[in-house]
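*Asks:* Just a sequence and a predicted model for now, questions to come.
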Amino acid sequence: MTEDGVQQQPERRVRREDRADALRWIAFARSLAATLDVIPQALALVVPGPQLRIWHANAAALGRLASSNILPMREGVLLPAGAANATELFRAVELALATGPRHRHRATLISPDARVAPVLVQALDFGASPDLPVSHLLLLEMQEKISADDGLARLSERFQMTRKEAECALGLYAIGSIDKFARCTGKSIHTVRTQLKAAMHKTDTNTQAALVALVADLINE
């Protein structure tokens, strides 16, 4: 109200042209999301941090994450299955953040059934600023699971392992625990330990950590 008692209209905080610009950006974002949904590749925008939080995932990625036993999503957070898979994925995330856009880094994840699921990680430069809800985003492309036969063949041929011994070595790498691997495969813990011991002997490794490191190097050759 003014000094002469005349009621003032509330000041409009958003100018008409500003609102039109905002609506254009909203329409653009919705169009982009709709476009991503028709792309067959599984793509997800992820906010990096101690946990990898999904910012947006297209339809293919949501379907993959819903049924994944390697990289499931729970309440919007990616939860790599197994210590080795978590280490591998966060290694790729750190490299992507360090090298910046235009550099893609591969994380090789392995399922309990010894299938390989490559994930490509790339940082995005979208002109982040303090007034935006996120300051960094990563693009994750989740490729189709492929047979681990090549990895099994390499282990078998290079170290004269049986297929069961090679599967045990890959399973330890993927899950990080022989107890969990035994439960996932339905094998007895005694059988798994025997096969693992044979694999360690043939690779001349004295610890499970050394065997896991050897398998990781072999897969990423």
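*Replies:* Good, I have the coordinates. Computed from a predicted structure; not experimentally measured.

*Asks:* List the buried residues for the longest strand along the chain?
*Replies:* If each strand of the chain is counted by residues according to DSSP state E, the longest one is strand 115-124. Under the neighbour-count criterion of 16 or more other CB atoms under 10 Å, strand 115-124 has 115-117, 119-123 buried. To be clear about C-beta, it is placed using only N, CA and C from the backbone, and glycine gets the same treatment.

*Asks:* what do you get for stretch 40-49?
*Replies:* Within stretch 40-49, the residues scored as buried using 16+ other CB under 10 Å are 42-48.

*Asks:* Identify, from those, the entry nearest to residue 152.
*Replies:* residue 42 (24.9 Å; CB to CB).

*Asks:* just checking, that closest one touches residue 66?
*Replies:* No: judged on CB atoms under 8 Å, residue 42 makes no contact with residue 66 at a distance of 11.0 Å.

*Asks:* wait, what's in contact with the nearest residue to residue 178 once chain neighbours are set aside?
*Replies:* Nearest in space to residue 178, with sequence neighbours left out and distances taken as CB to CB, 6 or more residues apart in numbering, is residue 192 at 5.1 Å. Residues counted as contacts of residue 192 (CB atoms under 8 Å, 6 or more residues apart in numbering) are 168, 171, 178, 181-182, 185.

*Asks:* any chance of the buried residues of stretch 40-49 in JSON lines, plus distance to residue 83 and pLDDT?
*Replies:* Converted to JSON lines, the buried residues of stretch 40-49 look like this (distance: CB to CB, whole Å; pLDDT from 0 to 100):
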{"residue": "42", "distance to residue 83": "24", "pLDDT": "92"}
{"residue": "43", "distance to residue 83": "26", "pLDDT": "93"}
{"residue": "44", "distance to residue 83": "22", "pLDDT": "93"}
{"residue": "45", "distance to residue 83": "26", "pLDDT": "93"}
{"residue": "46", "distance to residue 83": "20", "pLDDT": "94"}
{"residue": "47", "distance to residue 83": "22", "pLDDT": "92"}
{"residue": "48", "distance to residue 83": "19", "pLDDT": "92"}
